[in-house]
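*Asks:* Quick one: sequence plus predicted model below, questions after.
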Amino acid sequence: MTTDTTVQGAASGATDPGETVLDARGVTMRFGGLTAVRDVNLTVNSGEIVGLIGPNGAGKTTFFNCLTGLYIPTEGEVRYRGQVLPPKSFKVTAAGIARTFQNIRLFANMTVLENVLVGRHTRTREGLWSALLRGPGFHRAEAASRARAMELLAFVGLENKAEHLARNLPYGEQRKLEIARALASEPGLLLLDEPTAGMNPQETRTTEELVFKIRDQGIAVLVIEHDMRFIFNLCDRVAVLVQGEKLIEGDSATVQGDDRVIAAYLGEPFEDAPGDAEAAEVAAAEANAEAPTDSAPGKENDR
Ligand SMILES: Nc1ncnc2c1ncn2[C@@H]1O[C@H](COP(=O)(O)OP(=O)(O)OP(=O)(O)O)[C@@H](O)[C@H]1O
Ligand SMILES: [Mg+2]
């Protein structure tokens, strides 16, 4: 796939409507005696935003690592647009899958712009001699690359920070820079591992809009998140991993209403849900209570 720099419009890795972009079959990952991912099937189609949720340690990040060549699955196969993926992460990126990391991985001492330019290296075609001789072809390609990188920074809202060092960005902006860098490889599929972790509610909302915009550019998205409101607002489908296995997959309503999911995962109150109605109910109940004075209030209300 050759992709010239396009300064406008949809990303060049964009996929055709209805195309199966990702097809993971029977993916199993064992570490010694521990099976972190067991026989997971998952597809992502073009135009879709698919969520992957599950408790801590469920195997979500390990599954991403199996999709991106960081791990070679013990069993199973991963196809991107029909082709079995090579087990090397740079080749997976070149094929069209980009990702962000749960633990942010940026070049801390490079500028914001330089970080995005690094993300473009799989898409620049200038060879060694061109780079060494620094001829007109090289300068043209470099200028086009910078223009595209600036465009991507504007896309994620960081155009005014291009010359800042990555390490000086607030946490939420570092996560956005990771997204810009991932987009710089012009992917057809973007994998996001907890993109709103550490963000405040305002930043989370902006990120939600950003993910919709990415989808609208023709890039399919697979996203891991613990913020259920974010996931259920955003995703066309949600798959639930529990102890390495896929428990269920479906639209938001189906997944939210599934008893096993509630038991395994959603039994906890939604961390970020405002729960106004619930809070009002509790307040009313407390006001109407027969006021037992001798015990600590409402342990039974704790969930
Ligand atoms: N390289 C590794 N070697 C050994 N065990 C590993 C390795 N990577 C992950 N694991 C184990 O695999 C299991 C799944 O971990 P993973 O990080 O994929 O979970 P997760 O669903 O992403 O959790 P979280 O929501 O906390 O990020 C855990 O028990 C973890 O300790
Ligand atoms: Mg994880």
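*Replies:* Perfect, I can see it now. Ligands and ions are numbered 1, 2, ... in the order given.

*Asks:* average pLDDT across stretch 217-229?
*Replies:* On average, the pLDDT along stretch 217-229 is 95.

*Asks:* Is ligand 2 within reach of stretch 235-250?
*Replies:* No: Stretch 235-250 does not reach ligand 2 (C-beta under 5 Å from the ion); its nearest approach is 10.1 Å. C-beta: built from backbone N, CA, C; applies to glycine.

*Asks:* contacts for that stretch?
*Replies:* 29, 35-42, 48-55, 58-60, 62-63, 223, 231-232, 251-252, 254-255, 258, 260-261, 264-265 (C-beta atoms under 8 Å, 6 or more residues apart in numbering).

*Asks:* C-alpha coordinates for that stretch, PDB please?
*Replies:* C-alpha atoms of stretch 235-250 as PDB (Å, rounded to 0.1, in the frame of the first residue of the first chain):
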ATOM      1  CA  CYS A 235     -19.700   1.800  20.500                       C
ATOM      2  CA  ASP A 236     -21.800   0.100  17.800                       C
ATOM      3  CA  ARG A 237     -20.800  -3.200  19.500                       C
ATOM      4  CA  VAL A 238     -19.200  -4.200  22.700                       C
ATOM      5  CA  ALA A 239     -17.400  -7.400  23.600                       C
ATOM      6  CA  VAL A 240     -16.800  -8.400  27.200                       C
ATOM      7  CA  LEU A 241     -13.700 -10.300  28.300                       C
ATOM      8  CA  VAL A 242     -13.700 -12.100  31.600                       C
ATOM      9  CA  GLN A 243     -10.700 -14.100  32.700                       C
ATOM     10  CA  GLY A 244      -9.400 -14.200  29.100                       C
ATOM     11  CA  GLU A 245     -12.600 -15.400  27.600                       C
ATOM     12  CA  LYS A 246     -15.200 -13.600  25.600                       C
ATOM     13  CA  LEU A 247     -18.300 -13.700  27.700                       C
ATOM     14  CA  ILE A 248     -20.700 -11.900  25.400                       C
ATOM     15  CA  GLU A 249     -20.700  -9.500  22.400                       C
ATOM     16  CA  GLY A 250     -23.600  -7.200  21.300                       C
END
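
*Asks:* Can you give me the buried ones in the helix or strand containing R140?
*Replies:* R140 is part of helix 136-156 when elements are defined by DSSP states H and E. If you call a residue buried by 16 or more other C-beta atoms under 10 Å, then helix 136-156 has these buried ones: 138, 141, 144-146, 148-153, 155-156.

*Asks:* May I see these organised as CSV, with pLDDT added?
*Replies:* Output for the buried residues of helix 136-156, formatted as CSV (pLDDT from 0 to 100):
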residue, pLDDT
F138, 71
A141, 76
A144, 84
S145, 87
R146, 91
R148, 93
A149, 94
M150, 96
E151, 96
L152, 97
L153, 97
F155, 97
V156, 97
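
*Asks:* hey, where'd the strands end up in this structure?
*Replies:* Taking DSSP state E, the strands of the chain run over residues 20-31, 34-45, 49-53, 75-80, 83-84, 97-99, 189-193, 220-224, 237-242, 245-250.

*Asks:* Name the residue of the chain with the shortest distance to ligand 2.
*Replies:* Sorted by distance to ligand 2 under C-beta to the ion, the residues of the chain start with T61, at 3.1 Å.

*Asks:* can you pull the contacts of that residue?
*Replies:* Q102, D193, I224.

*Asks:* okay, now the last one: neighbour count?
*Replies:* The one in question is I224. Look at I224: counted by other C-beta atoms under 10 Å, it has 23 neighbours.

*Asks:* Tell me who's in contact with the nearest residue to A95 once chain neighbours are set aside.
*Replies:* Nearest non-adjacent residue to A95, counting by C-beta to C-beta, 6 or more residues apart in numbering: Y80, 5.3 Å away. By C-beta under 8 Å, 6+ apart, the contact set of Y80 is V21, L22, D23, V92, A95, G96, I97, G188, L189.

*Asks:* JSON lines for those, including distance to ligand 1, neighbour count and pLDDT?
*Replies:* Putting the contacts of Y80 into JSON lines (distance: C-beta to the nearest ligand atom, whole Å; neighbours: other C-beta atoms under 10 Å; pLDDT from 0 to 100) gives the following:
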{"residue": "V21", "distance to ligand 1": "22", "neighbour count": "27", "pLDDT": "95"}
{"residue": "L22", "distance to ligand 1": "18", "neighbour count": "24", "pLDDT": "97"}
{"residue": "D23", "distance to ligand 1": "20", "neighbour count": "18", "pLDDT": "97"}
{"residue": "V92", "distance to ligand 1": "18", "neighbour count": "24", "pLDDT": "92"}
{"residue": "A95", "distance to ligand 1": "22", "neighbour count": "20", "pLDDT": "90"}
{"residue": "G96", "distance to ligand 1": "23", "neighbour count": "28", "pLDDT": "94"}
{"residue": "I97", "distance to ligand 1": "18", "neighbour count": "29", "pLDDT": "96"}
{"residue": "G188", "distance to ligand 1": "24", "neighbour count": "24", "pLDDT": "95"}
{"residue": "L189", "distance to ligand 1": "19", "neighbour count": "26", "pLDDT": "97"}
